[in-house]
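Visitor: Prediction below, plus the sequence it came from.
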Amino acid sequence: MTTTTLAVLIPLLPFLGAIAGLLLGRTVPGLVRPLAVLPTLAALVIAVLVAARHGGGADIDSATELTPTGSVPIELALHIDGFAALVAVLVGVVASCVQIYSTGYLRDDPRYPSYAALVSLFTSAMLLVVYSGDLMVLLVGWEIMGICSYFLVGHYWETPEARAASLKAFLVTKLGDVPFLIGLFALAVDAGSFRITTVVATAAGGGLDHPTLIALLLVAGVAGKSAQFPLHTWLPDAMAGPTPVSALIHAATMVAAGVYFVARLLPVFAASSAALVALAVMAAVTMAGSAIAALAQDDIKRVLAYSTIGQLGYLTGALAVGDRGAAVFHLLSHGAFKALLFLGAGVIIHAAGTNSLAAMSRMKGLRDRVPDAFWTMTVALLALAAIPPFSGFFSKEAVLGAAEHAATGHSETAPTAAGWIVLVAGLLTALLTAAYATRLWLLAFNGKGPEAPDHGSQPITMTAVLWVLAVPSLAFGLTVGVLPDWFDGHSLTPTLTTSVLGTGLALVGGLVTYGAWRHTTVLAARHPMGAVAADTGADGGLVEAEAIASHAPAYGDVAAAHDPADPGRLLLGPLHRHAAVGFHLDAVYAALFVRPVQAAARLVRFLDREVVDTYVRGAGTAPRWLGAAVRRAQTGNVQTYLSALLAGTVVLAVAAVLVATAGA
């Protein structure tokens, strides 16, 4: 079987599994789990085989025209290069782990059949994006992922948080998709084709007429899909969905699609220095802002959500300095350890017997109760904090090394300004990332909160998956010498300067956070009821608790925001209450967009009901009144009719006499 045929099967198998699951899930329950797991596992095996056949060699292209359009053709095109081959393997690994994990996590969920089918469809859509060689076919997978995320985030639709989160995710990503679609059409018009290889060749040759406009339009869609500032606000709220869905979205689908798209079309963005600087600024704000927000969250999944936003900022930053090899390297590394972190959080949540809530201020004794989650999440957090020799160190240093390369003027495409922006923001974020990773580890596994009820041991399908993902989280960095052959040939080896700076700042962040935790723990022991006020002022804690309770339902009650042993409160000081609610961006968007739209809707409703409907009702009321008056005259009495006739005759006669007299 040819490599092209095998590649076609990879997105097709999960798609067929999804269709079969939707059709047979209710009628034949015994087939639900096999239909969820086996097609995805088969797709993974084939993806590994395709990657092995590719071997970092020549690109594989195949295309057939879908239908005549009369202008720009749309083709069923396949394009496999080193990036696509390895990202497809990542998608297959994470999706397979999520499906296996979900058989235990959602074993008693009555909606598991539809959930499993949607996860398979989600996986198929991402694989279509990865392998697609035509922008319109890529757009199909792009939009299918959007609708799948809507249904999966809203899986627990009985809760208002899940309903609101699914709607918010759909609307915010669609807000970015509108300019994205316009940019795709503008790009196809300039390049004369939707074929990705043709578009890239045209852009590399300077053949685009409007490179800056096209790039900025595409960036809007990427910002929405990959949760980059300012369209990132949907991702923390999306934690209302099942935890395995969070792992899938954050590690291998949806948010990864945006940065992967930029990597595929990097020459289009590199054709405009302004677009690269815009990418760099977006990445810098996203990295630093999300890291600060993560340091103030209490729910473990919201910490990880803001962490994902920041790590994707690293990917965007690498692309802004023109190194897609470093970006995809970090995408692969991040996919492994972030999937592990979310699935580990799911073990904690499962042990607590809840759907999605995992407030760290309430955790106690988890280190001994869930040892698999403790050890594997420790590995993942060290990778997240970029501590050598874990995988995150090598991939993050590849990004920082690329930024340093551009900042010192050695890049052929990236502006020096973009390099400095990404480098400074990346180093600051390295400090903050280690801080919130340390805080998460301390609060989750060394917490002083009340003892939560023990809901028994975890299914083997959940714990085994954690150890599988721990392997690449620990050892994937060892491929740093091999990956350049699969990418653009640029070295991914860490440079001395950024390695020392990045690791040094990470160690400082971790040690300072540990010191703050020790300080707040001692303070809480001495003043269990007044520690919060002592650190934040007399009313600071109350104000913050009210803000968190009103803006972040995942926190639970107000007491969850008052953890006296939280080092984040001490480190952030007055900034903590603003960071805890995402710097009030939701409130800003509500004031700028939501409320004006609602006011306009109310005005339109008033005009429709009180003005337009008034005329419509009047047009019906006047004939009705006239008909009622005429109906009263129709009594059926002949004498009445004769009397009226006689009276009318007399009136006419008198009128005639008066007219005649006046004429004389």
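Guide: Arrived safely.
Visitor: show me where pLDDT drops low in the stretch 401-550 of the chain?
Guide: Along the stretch 401-550 of the chain, segments meeting pLDDT under 70 span 447-456, 527-550.
Visitor: That one: strands as residue ranges?
Guide: Counting by DSSP state E, counting those that start in this stretch, one finds no strands in the stretch 401-550 of the chain.
Visitor: check which helix or strand covers the nearest residue to F122 once chain neighbours are set aside.
Guide: Once flanking residues are discounted, F122 sits nearest to C148: 4.1 Å by CB to CB, 6 or more residues apart in numbering. To be clear about C-beta, it is placed using only N, CA and C from the backbone, and glycine gets the same treatment. Per DSSP states H and E: C148 is located in helix 135-153.
Visitor: how far does that helix sit from the chain's center?
Guide: Chain-centre distance of helix 135-153: 12 Å, with CA atoms, centre = their mean, to the nearest Å.
Visitor: Over to stretch 164-178?
Guide: In terms of CA atoms, centre = their mean, the centre of stretch 164-178 is found 9 Å from the chain centre.
Visitor: Please identify the buried residues of it?
Guide: A165, S166, K168, A169, F170, V172, T173, L175, G176, D177 (16 or more other CB atoms under 10 Å).
Visitor: Check whether G289 really touches P230, as I assumed.
Guide: No: using CB atoms under 8 Å, G289 is not in contact with P230; the gap is 9.9 Å.
Visitor: With neighbour numbers in mind, choose between the two.
Guide: Neighbours per residue, other CB atoms under 10 Å: of G289 and P230, the larger number sits with G289, 24 against 17.
Visitor: returning to what we had before: which ones are touching the residue nearest to F122?
Guide: Residues near C148 by CB atoms under 8 Å, 6 or more residues apart in numbering: L118, L121, F122, A125.
Visitor: and what of L279?
Guide: Contacts of L279 (CB under 8 Å, 6+ apart): V219, V262, F269, T316, G317, L319, A320, A418.
Visitor: try L90
Guide: Contact analysis of L90 by CB under 8 Å, 6+ apart lists A251, A252, L331, L332, G335, A336.
Visitor: now these as TSV including distance to S411?
Guide: Listed next are the contacts of L90 as TSV, based on distance: CB to CB, whole Å:
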residue	distance to S411
A251	29
A252	29
L331	20
L332	22
G335	26
A336	28
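Visitor: Highest neighbour count among the residues you listed?
Guide: That'd be A252 among those, by other CB under 10 Å, with 32 neighbours.
Visitor: Surely that residue touches C97?
Guide: No: in this structure A252 lies outside contact range of C97 using CB under 8 Å: 9.4 Å.
Visitor: any shared contact partners between those two?
Guide: Common contact partners of A252 and C97 (CB under 8 Å, 6+ apart): A339.
Visitor: Tell me the helix or strand right after the lowest-mean-pLDDT helix or strand in the chain.
Guide: The weakest-scoring helix or strand in the chain, judged by mean pLDDT, DSSP states H and E, is helix 540-551 (a mean of 36). Per DSSP H and E, helix 540-551 leads on to helix 567-572 as the next helix or strand towards the C-terminus.
Visitor: How many neighbouring residues does A278 have?
Guide: 18.
Visitor: these two touch, right, it and L217?
Guide: No: checked against CB under 8 Å, the pair A278 and L217 is beyond contact range at 11.4 Å.
Visitor: Quickly find the element holding A619.
Guide: Using DSSP H and E, A619 falls in helix 613-633.
Visitor: Would you mind checking the average pLDDT for that helix?
Guide: Helix 613-633 carries an average pLDDT of 81.
Visitor: again with stretch 59-72
Guide: 82.
Visitor: Compute the first-to-last residue distance for it.
Guide: Here the two ends of stretch 59-72 are set 24 Å apart, with distance taken as CA to CA, to the nearest Å.
Visitor: what sits up against that stretch?
Guide: Contacts of stretch 59-72 (CB under 8 Å, 6+ apart): 3-4, 7, 54, 73-81, 133-134, 137, 188-189, 192-195, 197.
Visitor: In helices, which of those residues appear?
Guide: Judged by DSSP state H, these include T3, T4, A7, H54, V137, A188, V189, T197 as members of helices.
Visitor: and D61, how many residues sit next to it?
Guide: By the measure other CB under 10 Å, the count of residues near D61 is 15.
Visitor: Could you list everything it pairs with in the sheet?
Guide: Counting by DSSP bridges, D61 is bridged to H79.
Visitor: what ranges do the helices span in the stretch 401-550 of the chain?
Guide: With DSSP state H, counting those that start in this stretch as the criterion, the stretch 401-550 of the chain has helices at 416-445, 460-475, 496-526, 531-536, 540-551.
Visitor: Show me which residues of the second one are buried.
Guide: So the one you mean is helix 460-475. Using 16+ other CB under 10 Å as the test for burial, helix 460-475 gives T461, M462, T463, V465, L466, V468, L469, A470, P472, S473, L474.
Visitor: outside of it, which residues touch it?
Guide: Helix 460-475 is contacted from outside by 93, 97, 100-101, 103-105, 333, 336-337, 339-340, 343-344, 346-347, 350, 372-373, 375-377, 379-380, 383, 389-392, using CB under 8 Å, 6+ apart.
Visitor: pLDDT weak spots in the chain?
Guide: Across the chain, the ranges flagged by pLDDT under 70 are 352-358, 365, 447-456, 527-564, 664.
Visitor: Could you count how many residues lie near the nearest residue to T408 once chain neighbours are set aside?
Guide: Spatial nearest neighbour of T408, chain neighbours left out: G419 (7.3 Å); criterion: CB to CB, 6+ apart. Neighbourhood size, G419 [other CB under 10 Å]: 26.
Visitor: May I ask you to confirm that G419 is in contact with V321?
Guide: Yes: using CB under 8 Å, G419 is in contact with V321, at 5.3 Å.
Visitor: Among the contacts of L90, which one lies nearest to P14?
Guide: Nearest to P14 out of the contacts of L90 is A252 (CB to CB; 12.3 Å).
Visitor: Surely A58 is in a strand?
Guide: No: when DSSP: H, G, I helix; E, B strand; the rest coil is applied, A58 is found to be coil, with no strand at that position.
Visitor: what about it, how many residues close to it?
Guide: Neighbourhood size, A58 [other CB under 10 Å]: 9.
Visitor: returning to that earlier point: now, among the contacts of C148, which is nearest to R632?
Guide: Distances from R632 to the contacts of C148, taken by CB to CB, are shortest for L118, at 66.0 Å.
Visitor: Can you tell me the SS state at the closest one?
Guide: When classified by three-state DSSP, L118 comes out as helix.
Visitor: and it, what does it touch?
Guide: Here L118 is in contact with A18, C148, F151, L152 (criterion: CB under 8 Å, 6+ apart).
Visitor: what's the answer for G56, then?
Guide: Shown in contact with G56 (CB under 8 Å, 6+ apart): G82, V482, D485, W486.
Visitor: 6 Å - rerun?
Guide: G82, D485, W486 (CB atoms under 6 Å, 6 or more residues apart in numbering).
Visitor: Surely the last one and G82 touch.
Guide: Yes: distance between W486 and G82: 3.2 Å, which falls inside the contact criterion (CB atoms under 6 Å).
Visitor: Just give the nearest non-adjacent residue to G183, would you?
Guide: That would be L217: by CB to CB, 6+ apart, it lies 3.0 Å from G183.
Visitor: Would you mind checking the contacts of helix 460-475 for buried ones?
Guide: In these, burial by neighbour count holds for 93, 97, 100-101, 103-105, 333, 336-337, 339-340, 343-344, 346-347, 350, 372-373, 375-377, 379-380, 383, 390-392, counting by 16+ other CB under 10 Å.
Visitor: Those residues in helices, which ones?
Guide: Per DSSP H, those map to helices at 93, 97, 100-101, 103-105, 333, 336-337, 339-340, 343-344, 346-347, 350, 372-373, 375-377, 379-380, 383, 391-392.
Visitor: before we move on, the earlier item: can you get me the centre-to-centre distance for the helix holding A619 and its chain?
Guide: With CA atoms, centre = their mean as the basis, helix 613-633 stands 57 Å off its chain's centre.
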